[in-house]
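[1] Only the shape, not the letters, is given here:
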């Protein structure tokens, strides 16, 4: 019933704001049944041709709406940008999206494009990518051993939350996630690890006890060769300079 109501709202948005578009993919947490009182409608709007892609936010019938507006070529470009980052946000939105006003050959083509990107997976993490991540996580874990203040401990742990999840996923050549989607992605891949991950960071953020997080981080690093500091070197490209 909720989805039917949202489809009606999306059809109204299509008629009023994007009448020339071929299809709108209604997506996001609301469609997955994971909405909160502040969730918005996530829409991927596809035209046959646009001068440029854009993103806009607005309210419609008391709904906050985030619209990602594309044509097939700009969508393909942004799929590649997301793939390079290892987080297929836009492709996931299209793949899981409900087609409004209706499914068509065109919308099926767009969904097939998204699925091909998802099936391809993220760019392979090379040895240097793994080592750079090991080094960054080692540096943060060292800060957690003896933080100068509670504020610095929280700041370090906040960075580690994303870094550690990304390493766990990308070192396995899997799609990663960002922000609030990290716990859901970890639960999809490894429910047992996801529970330990959430409990460890919850203990640190609520009580200041970093032992569980440090242990978890070192276990994740061990699979990739362990902590890394001594001997690590990252060279800048020769042309990274400006003439004085």
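    Looks like it arrived, so ask away. Note that the coordinates shown come from a computational prediction; the quantities given were computed from them, not determined experimentally.
[2] Going by C-alpha atoms from here, please, whenever you check contacts or count neighbours.
    Fine.
[3] element containing the closest residue to residue 55 other than its chain neighbours, please.
    Spatial nearest neighbour of residue 55, chain neighbours left out: residue 68 (4.6 Å); criterion: C-alpha to C-alpha, 6 or more residues apart in numbering. Per DSSP states H and E, residue 68 falls inside strand 63-70.
[4] Give me the contacts around that strand.
    39-47, 49-50, 52-59 (C-alpha atoms under 8 Å, 6 or more residues apart in numbering).
[5] Of the residues you listed, which count as buried by neighbour count?
    Neighbour counting with 16 or more other C-alpha atoms under 10 Å marks 40, 41, 42, 43, 44, 45, 46, 47, 53 as buried within the contacts of strand 63-70.
[6] Turn those into a markdown table, including secondary structure, pLDDT and distance to residue 22.
    What follows is those, written out as a markdown table (DSSP: H, G, I helix; E, B strand; the rest coil; pLDDT from 0 to 100; distance: C-alpha to C-alpha, whole Å):
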| residue | secondary structure | pLDDT | distance to residue 22 |
| --- | --- | --- | --- |
| 40 | coil | 87 | 22 |
| 41 | strand | 90 | 18 |
| 42 | strand | 94 | 17 |
| 43 | strand | 97 | 13 |
| 44 | strand | 98 | 11 |
| 45 | strand | 98 | 8 |
| 46 | strand | 98 | 6 |
| 47 | coil | 98 | 5 |
| 53 | coil | 98 | 15 |
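[7] Of those, which is the nearest to residue 198?
    residue 40 (24.9 Å; C-alpha to C-alpha).
[8] Enumerate every residue touching the closest one.
    30, 63, 64, 65, 66.
[9] what about the longest helix in the protein?
    Counting residues, the longest helix in the chain under DSSP state H turns out to be helix 150-170.
[10] how near is the nearest residue to residue 138 once chain neighbours are set aside to residue 130?
    Distance criterion C-alpha to C-alpha, 6+ apart; nearest residue to residue 138, sequence neighbours excluded, is residue 227 at 5.5 Å. According to C-alpha to C-alpha, to the nearest Å, residue 227 and residue 130 sit 11 Å apart.
[11] do the same with residue 6
    Counting by C-alpha to C-alpha, the gap from residue 6 to residue 130 is 42 Å.
[12] Kindly report the same for residue 78.
    25 Å.
[13] same question, residue 63
    In this view, residue 63 and residue 130 are 42 Å apart by C-alpha to C-alpha.
[14] Kindly calculate the angle that the strand holding residue 68 makes with strand 41-46.
    Between the axes of strand 63-70 and strand 41-46, defined by axes from the mean of the first three to the mean of the last three C-alpha atoms, to 10 degrees, the angle is 20 degrees.
[15] Quick one: the helices in the protein, in order.
    Counting by DSSP H, the helices of the chain are 2-17, 29-32, 72-85, 89-96, 105-120, 127-145, 150-170, 182-189, 191-207, 211-222.
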